[in-house]
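[1] here's my sequence, what's the structure:
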Amino acid sequence: MTADSSAISIAPNATQREHIVQRLCTHFASNHLTMEELEERIDRAYKAPSLAELETLVTGLPVMADDAPLPSSSATPIAHTDVSVVDVPARDVLIGIMSGHMRRGRWLVPRHLKVFTVMGGVELDLREAVLAPGVSEIEITALMAGVTVIIPPDVRVECVGSAFMGAFEVHQSRDTVVTATGDRVVRLSGFAVMGGVDGKIRALKNAVKR
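    Got it, this is the predicted structure:
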């Protein structure tokens, strides 16, 4: 077997599959894919046996300004360093139809994140996430679904969403002292129908108290 054919047969790792899924979601948000095409390609992304087959899922789609190459198998997690505005993706989208999504730990929050969920649940934990200075907007559409956004006390929160037969609000625990300086802002917007969007200001349990 040649080196090239060997590379083609390499099975993608979880990071590489997620990278392609997020690119597909971005194309869906830009109206390059229909909902049916998105669902079908996401299903294939999680079943693709090789890197070559995985990459064919975005072949032929328009080139996006924030497209990034497929991470190598030795890619390392985001370092605990400050991130500049130019490093932050302009947009991203999370879709949950009768299913759940969860993002925790160290992840890069885009400038504009769209969350669409129907009869499902989404949890976004921002306490260890990388947030660039300025406003990071999370636009949520929740239909008979629940979305929880956990926000660290040093980030300012704006809640401008609305609800019908539901709730769209931010809560602060009694033992959390808000220390937001105003340089980083999370704006929660959107609409909830017979569902709820719950922003929670929480510190990490092992965080050092100053």
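
[2] give the next helix or strand downstream of the helix or strand of the chain with the lowest mean pLDDT.
    Sorted by mean pLDDT, DSSP states H and E, the helices and strands of the chain end with helix 3-8, the least confident at a mean of 46. Beyond helix 3-8 on the C-terminal side, the first helix or strand identified by DSSP states H and E is helix 14-29.

[3] quick one: whatever helix or strand comes next after that next one to helix 14-29, angle?
    For helix 14-29, the following helix or strand on the C-terminal side (DSSP H and E) is helix 35-47. Comparing the axes of helix 35-47 and helix 14-29 via axes from the mean of the first three to the mean of the last three CA atoms, to 10 degrees yields an angle of 170 degrees.

[4] and the following helix or strand past helix 35-47, what does it pack onto?
    Using DSSP H and E, the helix or strand that follows helix 35-47 in sequence is helix 51-55. Taking 3 or more CB pairs under 8 Å, 6 or more residues apart in numbering; DSSP states H and E as contact, the helices and strands that helix 51-55 lies on are helix 3-8, helix 14-29. For glycine as for every other residue, the C-beta is placed from the backbone atoms N, C-alpha and C.

[5] what is the burial count for the closest residue in space to residue 39 that isn't next to it in sequence?
    Closest residue to residue 39 in three dimensions, ignoring its sequence neighbours and counting by CB to CB, 6 or more residues apart in numbering: residue 97, at 7.9 Å. As a burial measure, the neighbour count of residue 97 was computed by other CB atoms under 10 Å and equals 13.

[6] quick one: residue 97 and residue 163, what's the gap?
    Spatial separation of residue 97 from residue 163 under the definition CB to CB, to the nearest Å is 20 Å.

[7] got it, and residue 21?
    Taken as CB to CB, the spacing of residue 21 relative to residue 163 amounts to 29 Å.

[8] go on, residue 33?
    Applying CB to CB, one obtains 29 Å for the distance of residue 33 from residue 163.

[9] do residue 27 as well
    Per CB to CB, residue 27 is found 30 Å from residue 163.

[10] what about these two, which has more around it?
    Between residue 27 and residue 163, residue 27 has the larger neighbour count (other CB under 10 Å), namely 20 against 17.

[11] I'd say that one and residue 33 touch.
    Yes: in this structure residue 27 lies within contact range of residue 33 using CB atoms under 8 Å: 5.1 Å.

[12] joint contacts of those two?
    Shared between the contact lists of residue 27 and residue 33 (criterion: CB atoms under 8 Å, 6 or more residues apart in numbering) are residues residue 61.

[13] do I have it right that residue 134 meets residue 187?
    No: here residue 134 does not reach residue 187: they are 10.3 Å apart, not a contact under CB under 8 Å.

[14] and those two? Which one has more around it.
    The residue with more neighbours, out of residue 134 and residue 187, is residue 187; 16 against 11, by other CB under 10 Å.
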